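# Below is the structure, and that's it, no one-letter string:
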């Protein structure tokens, strides 16, 4: 879907997602090429998950069980499940960022867990606010356990995030919590914008980018710096890592928006044309509408009519395919792919402002590459 | 309703709520008697409100407006309103607690604001979870602005509470945030218990007290110590002030539970027999059910039948009056009044463990007296 070969270096086996077959022997390695991204993601998951589980274990019943369902550790009947924990980019970034300061990756663990807790707090509340019934192929918490539990457990995860950091009792933990709070406020601002945009006919590309920066950029920024902050990094180092993470987040979201329309349902776990079915004003859509020409005009007319259509629920595959083709013809797909590459470049270049071990820099770069080439 | 003359000293003009006529000249003063509680509450309100308003002003639209509606600063149409800001016991305690350390009351302001933000976060979410349509004589936020805004703005107030403290950037602020986080976790635990108890036939007195300690005690504990923590108090001082506040909270809630059944609707702003209409398992009810004798048995049978009754919504005043009389006959009213006095005594006695200026001690005592004699 995205062709990043030029922007991010050749797609090597090292950056292939788990389970994908690897057709060729890697070429002579550049720094980023020799990084095993799968192992890096696995390290973050392995370090963070036991601490996350222990944190969830502190919650009073039934909030512990509801949380365990949300994280995919048990099914709706309470039976153990081998849940799909997601890509785990955030924990990988958090423990990696500790190494920027020369600290062990373990120093970043409370940060990784806190960021995951805030991320999942926002998922619980957003799914309820948006009325989304499915997440990661499963019924959402409010659907299974009711709206009250979704609100309550979301609140509990948010509070737990602060607890996990502040109980460290260090000055660094206070600074980390402050940055996490700033990210959380941005997350909430982004959701407020998302909700308000739903009620509007038109959203500008700038507004969409601002919303995505809040909803996705801010927490990835925090994930990319929180381990370093816990490791004693100064503000300049932390701010630089935040800049990397923020732009990585924008790249991540641009790719998400592409997958939301043209992604392979097998890989994404979403329906075909998922974002179009939800009338989401995602980047490809707003970029296409902002273009001039007959395709943009026709798309605008169609979407305006769709907004009033009582038959929208019954639209066929073909009707969505027509809209997707118009978005592509108006340039929305290519603009978004280019935007992903642009943000990826800003993210990776930002790291040049600070010193860190070459290995750590290569790993940050490899994670950025992974984010833009992923298929799910 | 409550007769505290013996336990808490004579009810003097100094402790009379605002607007109440004062019939007699005060007797020769004891320390607590000379405290002007109205002025003390007003001081907390005056110090905290401008900072609270400025904090709310940071929120992105429409969260600022929704918050302003919740706080009673504007009406549902956005017109300025002179809202009833509540009793403002928490801000009064927070600024007073700063003076324990010899600091100015102003040092407690960020703590007062943070506690108010957390309190109102919980009101926004609880009203939605509980389906409560009215608060302080006005439609609740979810009723006026919809469930999504109630969730979102609650989240924003919670995040803002941490922001207000952590942006102080001091070690003390980190400690204060940690204590606030602990209180917030307790608040959430209490709401989880409250929800689960609704689905049960019987709740023990101990369970009810635990729930009320979480829902009311924990945040009053935090309010009573947070100014001192910001003023540099050691853990022993902070823990002692928390103990005072926790038991004050239990006294406060016992009085609330009495007012919820026998309060004057004019004063409380609630319906007659308010808690009975909501089938609340409040202290007088669980204490009455835990008693032995014919009144307790008859009450148990009636409430069990009520739980299954399809006609409950149409119950007359007389039917609720019968239940209230049985609660009283079984001893639930007197037990709860005694419990309020008992918790009041524990709270005030706790203060003996630490040094503080006599004036400050007298003011803490006077606030405790106010909490148990209030009519609303």
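Nice, I can see it. Source: prediction; values computed, not measured. Numbering: from 1, shown residues only, chains lettered A, B, ... in the order given.

# What residues does the stretch 1-150 of chain A have near chain B?
Selection of the stretch 1-150 of chain A residues close to chain B by CB under 8 Å from any CB of the partner chain yields A:60-63, A:121, A:125, A:128-129, A:147-148. C-beta coordinates here come from the backbone N, C-alpha and C atoms, glycine included.

# again, only this time at 7 Å
Residues of the stretch 1-150 of chain A lying close to chain B by CB under 7 Å from any CB of the partner chain are A:60, A:63, A:125, A:128-129, A:148.

# pretty sure residue A:136 contacts residue A:376?
No: with contact defined as CB atoms under 7 Å, residue A:136 does not reach residue A:376; the gap is 10.4 Å.

# What values do phi and psi take at the residue of chain A found nearest chain B?
Residue of chain A nearest chain B, by CB to the nearest CB: residue A:174 (3.3 Å). Phi and psi for residue A:174, reported as degrees, to the nearest 10, are phi -60, psi -40.

# Please report how far the closest residue to it other than its chain neighbours lies from residue B:181.
Residue nearest to residue A:174 in three dimensions, not counting chain neighbours: residue B:174, with 3.3 Å by CB to CB, 6 or more residues apart in numbering or on different chains. From residue B:174 across to residue B:181, the span is 11 Å (CB to CB, to the nearest Å).

# Common neighbours of the two, please.
Counting by CB atoms under 7 Å, 6 or more residues apart in numbering or on different chains, the shared contacts of residue B:174 and residue B:181 are residue A:166.

# Tell me the confidence at the residue in chain A sticking out farthest from the centre?
No residue in chain A sits farther from the centre than residue A:294, which is 33.7 Å out by CA atoms, centre = their mean. pLDDT recorded at residue A:294 is 97.

# Check residue A:135 too.
pLDDT for residue A:135: 87.

# so what's it bridging to?
Assessed by DSSP bridges, residue A:135 has beta-bridge partners residue A:138.

# how close does it get to residue A:83?
From residue A:135 to residue A:83 the distance is 11 Å (CB to CB).

# Flag the shaky bits of chain A, pLDDT-wise.
For chain A, applying pLDDT under 70 flags the ranges A:1-33, A:84-85.

# Nearest to the spatial middle of it, which residue is it?
By CA atoms, centre = their mean, the most central residue of chain A is residue A:216, 5.6 Å off.

# isn't that one right up against residue A:251?
No: assessed by CB under 7 Å, residue A:216 is found out of contact with residue A:251, at 9.5 Å.

# What is the burial count for the closest residue to residue A:83 other than its chain neighbours?
Closest residue in space to residue A:83, ignoring its immediate chain neighbours: residue A:72 at 1.8 Å, by CB to CB, 6+ apart. Using other CB atoms under 10 Å in any protein chain shown, residue A:72 is surrounded by 17 other residues.

# any idea whether residue A:72 is helix, strand or coil?
Here residue A:72 is recorded as coil under DSSP: H, G, I helix; E, B strand; the rest coil.

# Can you give me the distance of it to residue A:53?
12 Å.

# and the residues of the stretch 1-150 of chain A next to chain B, which two are the farthest apart?
Maximum pairwise distance among those (CB to CB): 24.5 Å, between A:60 and A:129.

# Between those two, which has more neighbouring residues?
Per other CB under 10 Å, whichever of residue A:60 and residue A:129 has more neighbours is residue A:129, with 23 against 16.

# residues in contact with the residue farthest from the centre of chain A?
Residue A:294 touches nothing, counting by CB under 7 Å, 6+ apart.

# ditto for residue A:244
Counting by CB under 7 Å, 6+ apart, residue A:244 has contacts A:224, A:347, A:350-351, A:364.

# one more time with 10 Å
Going by CB atoms under 10 Å, 6 or more residues apart in numbering or on different chains, residue A:244 touches A:93, A:97, A:220-221, A:224-225, A:346-351, A:353-354, A:364-365, A:367-368.

# How many residues are close by residue A:39?
12.

# Residue A:276 falls within a helix, correct?
Yes: with three-state DSSP as the criterion, residue A:276 is assigned to a helix.

# Please identify the buried residues of stretch A:51-69?
Burial within stretch A:51-69, assessed by neighbour count using 16 or more other CB atoms under 10 Å in any protein chain shown, is assigned to A:51-52, A:55-56, A:59-60, A:62-69.

# With adjacent residues omitted, what lies nearest to residue A:288?
Residue A:288's closest residue in space is residue A:332 (CB to CB, 6+ apart), at 3.1 Å.

# Got phi/psi on that neighbour?
Dihedral angles (degrees, to the nearest 10) for residue A:332: phi -70, psi -40.

# coming back round to it: what's the burial count for the residue of chain A closest to chain B?
Residue A:174, neighbours per other CB under 10 Å, totals 25.

# And residue A:293, by the same measure?
Residue A:293 has 12 nearby residues by other CB under 10 Å.

# Quick check: phi and psi on it?
phi 120, psi 170.

# what sits against the closest residue to it other than its chain neighbours?
In space, and not counting its chain neighbours, residue A:293 is closest to residue A:330: 6.5 Å by CB to CB, 6+ apart. If you count contacts by CB under 10 Å, 6+ apart, residue A:330 has them with A:284-285, A:287-300.

# thinking again about what came up before, what do residue A:135 and residue A:83 both touch?
With CB under 10 Å, 6+ apart, residue A:135 and residue A:83 have common neighbours A:70, A:72.

# ok, for residue A:220, nearest residue in space, not its chain neighbours?
Per CB to CB, 6+ apart, closest to residue A:220 is residue A:249, 3.6 Å.

# Which positions in the host helix or strand of that neighbour come out as buried?
Using DSSP states H and E, residue A:249 maps to helix A:235-262. Within helix A:235-262, the residues that count as buried by 16+ other CB under 10 Å are A:237-262.

# Touching, residue A:324 and residue A:262? I think so.
Yes: in this structure residue A:324 lies within contact range of residue A:262 using CB atoms under 10 Å: 6.9 Å.
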